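[1] A predicted structure for the sequence below; I have some questions about it.
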Amino acid sequence: MARAAVVLFAAAALVWPAAAGAHAERRAVGFAGAACAGAPVAPDTVLEGRFGADRTGSYVMVPFDVPRGTTQVRVKYCWDAADGGAPLGGHTLDLGLWDAPERGATWAEADFRGWGGSSHPDVQVSEQGFAPGYAPDRRANVAGFTTRGYVPGPLPAGRWAVELGVAHVVGPGDGDPDGVRWRVEIELAEDPAFAAQPYEPARFDEAPARRGAGWFAGDLHVHAEHSALGDAPMDEVFTFAFRPRAQGGAGLDFLTLSDYVTPSAWGEIGRHQAQHPGRLVMRSSEVITYRGHLNNHGSLSYVDHRTGPVLELQPDGVLRAVRAARPAREVLRAVRERGGVTQINHPTIFPSAVPAFRGFCRGCPWDHDPASTDFGLVDAIEIATGPAGLQELQVGPNPFTPLALDFYERALAAGHRIAAVGSSDAHHAGRTPNPITQSPIGQATTMVYADELSEDGVARAIRRRHTYVKLVASDGPGLVLEARPAGGDPAAPPAIMGDVVRARAATFTVGVDGGDPTFQLLVLKDGLPLAVLPVTGARFRARLPSAGEGRYRLQLQRATTIEAVSSPVWLDADAAPEDFRDGLPRGGPQAVAATVGRGGLRLRGRRPAVVRCAARGYALRTCAVRVRVRGVTLAKGRAPLRGGRSLVPLGLTRAGARHVARTRRAVLEVRALGDRGVVGPQRRRLALR
């Protein structure tokens, strides 16, 4: 590693909070078995215990009972500081909350009520929504309102659980032989005022923000107030993201709101859409595992984040195994099966091979091995996160970017076709308390070529790998990478970034828009430099012949700083037709449709409604159906496809049980799912009876 990179790496190791995210928000407190610090709680239940270092990476479910008539559940927790000192990370426990299971004795996705990492020491849920007038420095709860990051709704009676995620426990070898002691305080309220105004999510307008194809600038990893407490409010995030660069904003066309784990912010986005016409906020979440983070774009479903062992604390203090550790591929597959797009975030930041980083940024690097990952389920890899470099120190690039590019190239070399994306991982909109190590929204920016600016349009663009990354800002130099096969139709449109050219030879057009002579354009084949081209002007173009089959991508440099990176074009004469263009299998025309009985769909009553699903396409296995109204899922179900057909029974969701009695019309949404992608969604309006 060059000396400049070593210096930068050392500086970043000390102060880089942008990608550390929730895990840089540790709230460890002095602990001596007394009440947790902060606003007082009149606890109905107090639970205490101790975890050794051998429990690191596990999830401990701590049960407690909620009686009928409860209108608010408040949970407060704390843990002791590590002995022996741990300058880059002591003990860390994360907090999640799960309500009473509908079936069985364990807690599944339907029971999830929120997650706040280790930044939320005191949380509450009620049937009401979130306190108005959110201030970034407010850490106190407001009685009767749900804490941001948690899911408002009815409080079913039964056996709830606090989830203590054992993110890191300092072990005997690092000076703490006793492990971490913890305390959980639970307060239950029965005040009718806390259920007076049940939460109503705002309607999300799913119409395209802009129609027509083009290149759109976005940030695929942005946090707001439903991630760590103290993060920027949503209106500040959206206003900065969509304000033009000339006016001090990020100048973006879209962003993904990827708050930690939870879907709690999705019902709030619709309250802001009218203020930003022509701009898109995609519903997303960052799935935090203790061996890596990934984004769940557009599935519109919470996906179980618990990849480590799940344990249950018994009354006698013994930990009972509930579920073994799961490979990351199960999370990736779940996102894919629900129609979402998968993205591995900051894969090489704070490498775990450096001992000090293991406690400082738990789970930030991607430590799931290739077998447990299955890169065939990965749609995108974040090759740039945060600042492009530390220009103030006259060194660059960001030390984690070359490492992430190497990670990306190794995934491509293994035969996988994956989009290159870049993101800011911003938590404070345009504010950067430490401008050397934090980045505003838009640094980095991902450019996507989409057929329309909508959630589905951007998802299709990423699956097609029609992407390149501007590491500095949305108005940075643009890249051009086009290919025409030898002997092909000259009138046909050229292949662009992400496409597969079914030929043994091609002519490439490469270029830079908005460049100057300080830039160099690298053309790489299979990860190795093929050509280095000086950029001669603001609109630079060059033509190059191919050098055999393989993958070709661009990398724009200014001295040692990487300014832009493209997804490859693949030159592969033997590529099967189903392997390219849509990012989906192409085994014949693809379609999916659902039909219901005459008179509409019946959701009321004991017997579940049944929808007939028909699909055609390559290797489709499952049909998934949802009934939605104003952004609320009333009912959903899925069933295996046999011969391209299935009968899908629908079950009411908890939200559906509240809304269906006063709903007359809804939207039926159907997708067909396979290992290689998704067909649909097809949507149509229908009557409910």
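    Perfect, I can see it now. Numbers count the residues shown, from 1 in each chain.

[2] What residues does R183 make contact with?
    F31, G33, A35, C36, V46, L47, E48, Y77, C78, W79 (C-beta atoms under 8 Å, 6 or more residues apart in numbering). In short, each C-beta sits where N, CA and C put it, glycine included.

[3] How confident was the prediction at the residue lying closest to it once chain neighbours are set aside?
    Of all residues not flanking R183 in the chain, E48 sits nearest, at 4.9 Å (C-beta to C-beta, 6 or more residues apart in numbering). If you check E48, the pLDDT there is 95.

[4] what about E48, which helix or strand?
    Assigned by DSSP states H and E, E48 belongs to strand 45-51.

[5] re the thing from before, who wins on neighbours among the contacts of R183?
    Counting neighbours by other C-beta atoms under 10 Å, W79 leads those with 28 neighbours.

[6] count of neighbours near the residue nearest to that one when sequence neighbours are not counted?
    Nearest in space to W79, with sequence neighbours left out and distances taken as C-beta to C-beta, 6+ apart, is W182 at 4.2 Å. Counted with other C-beta under 10 Å, residues neighbouring W182 total 22.

[7] OK, contacts around W182?
    Contacts of W182 (C-beta under 8 Å, 6+ apart): F31, E48, G49, R50, F51, Y77, C78, W79, D80, L93, L164.

[8] quick revisit: double-check the residue nearest to R183 against R181; I have them as touching.
    Yes. The criterion here is C-beta atoms under 8 Å, and E48 meets it with R181 at 7.2 Å.

[9] thinking again about what came up before, check the gap between the residue nearest to W79 and G49 for me.
    From W182 across to G49, the span is 6 Å (C-beta to C-beta, to the nearest Å).

[10] Between these two, which contacts overlap?
    Common neighbours of W182 and G49 (C-beta under 8 Å, 6+ apart) do not exist.

[11] Give the closest residue to the residue most central in space within the chain in space, chain neighbours not counted.
    Closest to where the C-alpha atoms of the chain average out (C-alpha atoms, centre = their mean) is N295, at 2.1 Å. Of all residues not flanking N295 in the chain, Q343 sits nearest, at 4.0 Å (C-beta to C-beta, 6+ apart).

[12] pretty sure that neighbour is in a helix, no?
    No. Read with DSSP: H, G, I helix; E, B strand; the rest coil, Q343 is strand and lies in no helix.

[13] on that earlier part again, from A34, how far off is the residue nearest to W79?
    13 Å.

[14] who's in contact with A473?
    Counted by C-beta under 8 Å, 6+ apart, A473 has contacts R245, A250, G251, G442, Q443, T445.

[15] In which helix or strand does it reside?
    Counting by DSSP H and E, A473 is part of no helix or strand.

[16] okay, it: pLDDT?
    On the pLDDT scale, A473 gets 95.

[17] quick one: it from T437, how far?
    Where T437 is concerned, A473 sits at a distance of 17 Å (C-beta to C-beta).

[18] E482 now?
    Taken as C-beta to C-beta, the span from E482 to T437 is 37 Å.

[19] S474 - how many residues pack around it?
    By other C-beta under 10 Å, the burial measure for S474, its neighbour count, is 23.

[20] which residues sit in contact with A42?
    Applying C-beta under 8 Å, 6+ apart, the residues near A42 are E187.

[21] Now do it against A35, distance only.
    10 Å.

[22] now do L294
    Taking C-beta to C-beta as the criterion, L294 is separated from A35 by 37 Å.

[23] Also P490?
    To A35, P490 is 77 Å away according to C-beta to C-beta.

[24] Could you do R464 as well?
    55 Å.

[25] again, but for T92
    From T92 to A35 the distance is 21 Å (C-beta to C-beta).

[26] and the biggest strand by length in the chain, what does it pack onto?
    Scanning the chain for the longest strand, with DSSP state E as the assignment, gives strand 210-222. Where contact means 3 or more C-beta pairs under 8 Å, 6 or more residues apart in numbering; DSSP states H and E, strand 210-222 is packed against helix 234-242, strand 254-260, strand 280-289, strand 292-297, strand 380-385, strand 419-423, strand 445-453.

[27] export those to JSON lines and tack on distance to L634 and mean pLDDT?
    Listed next are these as JSON lines, based on distance: least, C-beta to C-beta, whole Å; pLDDT from 0 to 100:
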{"stretch": "helix 234-242", "distance to L634": "25", "mean pLDDT": "98"}
{"stretch": "strand 254-260", "distance to L634": "23", "mean pLDDT": "98"}
{"stretch": "strand 280-289", "distance to L634": "17", "mean pLDDT": "98"}
{"stretch": "strand 292-297", "distance to L634": "22", "mean pLDDT": "98"}
{"stretch": "strand 380-385", "distance to L634": "31", "mean pLDDT": "97"}
{"stretch": "strand 419-423", "distance to L634": "33", "mean pLDDT": "98"}
{"stretch": "strand 445-453", "distance to L634": "27", "mean pLDDT": "96"}
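
[28] which one of the ones you listed lies closest to A559?
    Smallest distance to A559 across these (C-beta to C-beta): 16.7 Å, for strand 380-385.

[29] Can you list the strands that that closest one pairs with?
    strand 341-344 (parallel), strand 419-423 (parallel) (DSSP bridges).

[30] Who is Q682 paired with across the strands?
    V670.
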